[in-house]
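> coords please:
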Amino acid sequence: MADDTSIFVGAGDTDQHLLLKYGNRHGLIAGATGTGKTVTLQTLAEGFAAYGVPVFMADVKGDLSGVSQAGGTNPRAVERARQLEIDGYKGRAFPTIFWDLFGEKGHPVRTTVSEIGPVLMARLLQLNATQEGVLNIVFKVADEQGLLLLDFKDLQAMLQWTAENAGTLTTRYGNVSKQSIGTIQRALLTLEQQGGERFFGEPALDLKDMIGVDASGVGTLNVLAADRLMESPKLYSTFLLWLLSELFQVMPEVGDVDKPKFVFFFDEAHLLFDDAPKALLDKIEQVVRLIRSKGVGIYFISQNPLDIPESVLGQLSNRVQHALRAFTPRDQKAVKAAADTFRPNKKFSASEAIVELGVGEALVSFLDAKGVPTPVERCFVAPPRGRIGPVTDAERAVVVSASPLAGKYEQEIDRDSAYEVLMGRATGGQLPPEEPPATPSTRQRRRGQYDAPPPIQPPPAPSGPWGRAPEPPPVDDRPKSEPRLREARPVPPPSSPMPRTPASRSDTITTTIVKSAARTATNIAVREASKAIFGSGRNSGILGQIFRGALGGLVK
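Residues are numbered from 1 along each chain as shown. Below you'll find the predicted structure:
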């Protein structure tokens with residue numbers, strides 16, 4: 001049923017509209033490759049933006065960037081507009097902000113390690129349960145000690161410190177295995193080589209910059225360049241899941257609204273659920289269930305409806321199903337599953353129609369005015385007004401330079417955080433003090449006609465027996481930065497040895513000669529006394545004579 005606040009999606013036997021007040025009830029766009037999913041996504045995104053609803057969409061193939069340029073000249077789009085009797089169809093450029101995690105095709109997108117958290121970080125690094133537990137300990141210790149985990153090197157330094165203090169931490173937090181730390185470090189290195197370290201840092205993305213309208217009230221279309229990002233599927237899915245989680249955290253509760261506050265299109269949605277642990281799937285389901293009350297609509301785009309778990313699929317009220325090809329038993333199962341999710345229409349069989357659909361044709365079912373799914377209808381999708389296809393590099397550069405966010409995220413900031421503290425390099429954000437300029441009292445000044453007093457000469461330095469005493473080393477009175485982790489400080493021994501007495505100063509030459517002569521005379525006197533008492537050779541000493549006298553007396 002048509003409505004002044006609805007998006008015209010297409011027409012068949014009847015016109016098909018998506019009511020804005022149910023735009024936050026989520027949706028699904030499915031179909032095989034080349035059946036028209038991207039054009040349908042663009043049509044819906046432009047429809048939301050035209051009513052002042054900001055939109056985020058991941059541009060996997062680069063085709064969605066054309067929304068920033070006026071279209072209306074594509075022969076197929078013109079023919080479809082004529083077929084659907086769209087009066088006054090013409091192209092229109094929509095306000096677009098380009099984003100790119102690598103900062104090459106749009107504004108850089110960054111977040112901090114702390115904002116990602118241990119759960120999403122463990123998924124990003126593909127860790128097992130034990131390694132995820134160790135990562136939780138690392139985040140816990142950093143939080144208790146007030147250490148900021150902002151970028152890659154902060155996390156690496158914290159992992160290194162944890163490995164060095166594993167024995168102390170084990171008694172408090174549980175077993176901390178150095179092998180697990182090594183595995184996490186290797187996973188970080190792999191992610192760093194893929195360019196993932198650019199995602200972590202500051203300035204972090206402010207979601208308010210995505211949720212806005214232009215001067216005429218048209219919603220902003222946020223396009224994420226994801227063609228290169230798709231080379232790292234885990235990074236792609238983790239980023240989009242983090243974005244959903246952040247939206248859930250920052251958006252206020254609004255309940256039922258006339259139109260969504262923000263609409264999120266998740267292309268290649270199967271990557272979000274591939275190899276995801278149950279805890280993460282539960283979190284995704286929770287976000288999908290509850291984020292509706294925040295006025296946020298989520299639309300998943302995937303080739304096969306079976307790629308999405310049933311617990312999430314059951315929350316998607318607005319459906320657009322393009323053609324599926326039933327070449328394999330799994331494809332046939334997917335066709336039947338997709339057909340069974342629609343409210344039946346007595347006019348035709350949905351399972352038969354799915355394999356017969358042409359390009360740009362789809363089965364659709366939206367919520368009616370009472371919030372009830374309409375019977376499935378076969379329709380031709382309306383053409384978008386923006387350009388169908390990618391923009392050129394020059395056109396993209398013009399849009400980026402004219403963006404209201406130009407220059408806000410381009411320059412990376414590296415402030416004192418865990419790495420600087422643990423390495424003892426923190427400066428508190430201040431530069432080291434400069435040397436003070438020379439003052440008139442210490443600078444050499446002229447005399448005579450300039451009537452300047454002679455400079456004050458410093459007193460002579462004390463001299464010792466070997467000449468002038470060495471000058472003491474300069475005193476560094478700058479504040480020293482010490483590690484803030486209590487466990488990192490070495491424990492002092494229970495008792496310290498007494499300090500050694502410093503050696504006395506060397507004697508003079510005369511004193512040395514006198515002492516040497518005295519030692520020589522003493523040695524000679526001792527030697528002669530020994531000869532007199534004990535004897536030497538045939539001569540008997542005093543003790544020998546006494547001994548012989550005693551023996552002679554006994555004989556007599």
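> Now stretch 56-72: average pLDDT?
Across stretch 56-72, the average pLDDT comes to 93.
> can you pull the buried residues of that stretch?
56-60, 62-69, 71-72 (16 or more other C-beta atoms under 10 Å). Placement of C-beta: from N, CA and C, glycine included.
> Among the residues you listed, which one sits closest to residue 295?
Lowest distance from residue 295 to the buried residues of stretch 56-72 (C-beta to C-beta) belongs to residue 56, with 13.8 Å.
> which residues make contact with whichever strand or helix holds that closest one from outside it?
Residue 56 is located in strand 55-59, with elements delineated by DSSP states H and E. Here strand 55-59 makes contact (C-beta atoms under 8 Å, 6 or more residues apart in numbering) with 41, 45, 48-49, 64-65, 210, 219-227, 236, 240, 243, 262-268.
> Mind checking which of those are buried?
Neighbour-count burial (16+ other C-beta under 10 Å) applied to those gives 41, 45, 48-49, 64-65, 210, 219-227, 236, 240, 243, 262-268.
> mind listing which of those are in strands?
Residues of these located in strands (DSSP state E): 221, 222, 223, 224, 225, 262, 263, 264, 265, 266.
> ok, now which ones touch the third one?
Right, residue 223. Counting by C-beta under 8 Å, 6+ apart, residue 223 touches 57, 59, 64, 65, 67, 68, 96, 97, 98, 99, 106.
> ditto for the fifth one
Residue 225 is in contact with 59, 62, 65, 98, 99, 100, 104, 105, 106, counting by C-beta under 8 Å, 6+ apart.
> could you measure it against residue 272, distance?
From residue 225 over to residue 272 the distance is 19 Å, taken as C-beta to C-beta, to the nearest Å.
> Look up phi and psi at the residue nearest to residue 33 when sequence neighbours are not counted.
Closest residue to residue 33 apart from its sequence neighbours, by C-beta to C-beta, 6 or more residues apart in numbering: residue 303 at 6.5 Å. The phi/psi pair for residue 303 (degrees, to the nearest 10) reads phi -70, psi -30.
> With residue 373 instead?
Per-residue torsions, residue 373: phi -60, psi 140 (degrees, to the nearest 10).
> can you check residue 30 too?
Residue 30 adopts backbone torsions of phi -130, psi 160, taken as degrees, to the nearest 10.
> so where do the helices sit in the stretch 51-200 of the chain?
75-83, 113-124, 129-144, 152-164, 166-173, 178-193 (DSSP state H, counting those that start in this stretch).
> if we look at stretch 302-319, which residues are touching it?
The contact list for stretch 302-319 (C-beta under 8 Å, 6+ apart) reads 18, 22-23, 25-33, 268-270, 273, 281, 284-285, 288-289, 299-300, 321, 324, 330, 333-334, 337-338, 341-342, 363-367, 373.
> now the stretch 301-450 of the chain, which segments are flagged as low pLDDT?
The model of the stretch 301-450 of the chain has pLDDT under 70 over residues 425-450.
> in it, which spans are helices?
Per DSSP H, counting those that start in this stretch, the stretch 301-450 of the chain has helices spanning 310-313, 329-340, 350-354, 393-401, 418-422. These are given in chain order.
> Which stretch among those is buried most, on average?
Comparing the helices of the stretch 301-450 of the chain by mean neighbour count (mean count of other C-beta atoms under 10 Å), helix 418-422 ranks first with a mean of 23.
> From residue 68, how far off is residue 394?
Distance from residue 394 to residue 68, by C-beta to C-beta: 12 Å.
> next one: residue 406
14 Å.
> Can you check the pLDDT for residue 194?
Here the pLDDT value assigned to residue 194 is 80.
> quick one: low-confidence parts of the stretch 1-150 of the chain?
For the stretch 1-150 of the chain, the stretches flagged by pLDDT under 70 are 1-4.
> And the stretch 151-300 of the chain, by the same measure?
Across the stretch 151-300 of the chain, nothing is flagged by pLDDT under 70.
> Format the contacts of residue 225 as JSON lines; extra columns: distance to residue 175.
Converted to JSON lines, the contacts of residue 225 look like this (distance: C-beta to C-beta, whole Å):
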{"residue": "59", "distance to residue 175": "44"}
{"residue": "62", "distance to residue 175": "47"}
{"residue": "65", "distance to residue 175": "50"}
{"residue": "98", "distance to residue 175": "46"}
{"residue": "99", "distance to residue 175": "41"}
{"residue": "100", "distance to residue 175": "41"}
{"residue": "104", "distance to residue 175": "43"}
{"residue": "105", "distance to residue 175": "45"}
{"residue": "106", "distance to residue 175": "44"}
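> So which of the residues you listed sit within strands?
Using DSSP E, the contacts of residue 225 in strands are 59, 98, 99, 100.
> got a winner among those for most neighbours?
Counting neighbours by other C-beta atoms under 10 Å, residue 59 leads those with 26 neighbours.
> partner residues bridging the closest residue in space to that one that isn't next to it in sequence?
Using C-beta to C-beta, 6+ apart and skipping residues adjacent in sequence, the residue nearest residue 59 is residue 223, 5.1 Å away. On DSSP bridges, the residues paired with residue 223 through beta bridges are residue 57, residue 98.
> who touches the residue lying closest to residue 173 once chain neighbours are set aside in this structure?
Closest residue to residue 173 apart from its sequence neighbours, by C-beta to C-beta, 6+ apart: residue 137 at 4.7 Å. Taking C-beta under 8 Å, 6+ apart, we find residue 137 in contact with 162, 169, 173, 174, 176.
> Could you work out the most separated pair of those residues?
Across the contacts of residue 137, the longest distance by C-beta to C-beta is 12.2 Å; it joins 162 and 174.
> between those two, who's got more neighbours?
Using other C-beta under 10 Å, the more surrounded residue of residue 162 and residue 174 is residue 162, with 25 against 11.
> List the contacts of the more buried one.
Applying C-beta under 8 Å, 6+ apart to residue 162 gives the contacts 134, 137, 138, 141, 169, 176, 181.
> Name the nearest residue to the last one, ignoring sequence neighbours.
Meaning residue 181. Distances taken as C-beta to C-beta, 6+ apart place residue 163 nearest to residue 181, at 4.3 Å, with adjacent residues excluded.
> How many residues are close by the one you found?
Residue 163 is flanked by 20 other residues according to other C-beta under 10 Å.
> How much space separates it from residue 261?
45 Å.
> Same check on residue 187?
Distance check for residue 187 against residue 261: by C-beta to C-beta, it reads 36 Å.
> Could you do residue 304 as well?
Residue 304 sits 30 Å away from residue 261, going by C-beta to C-beta.
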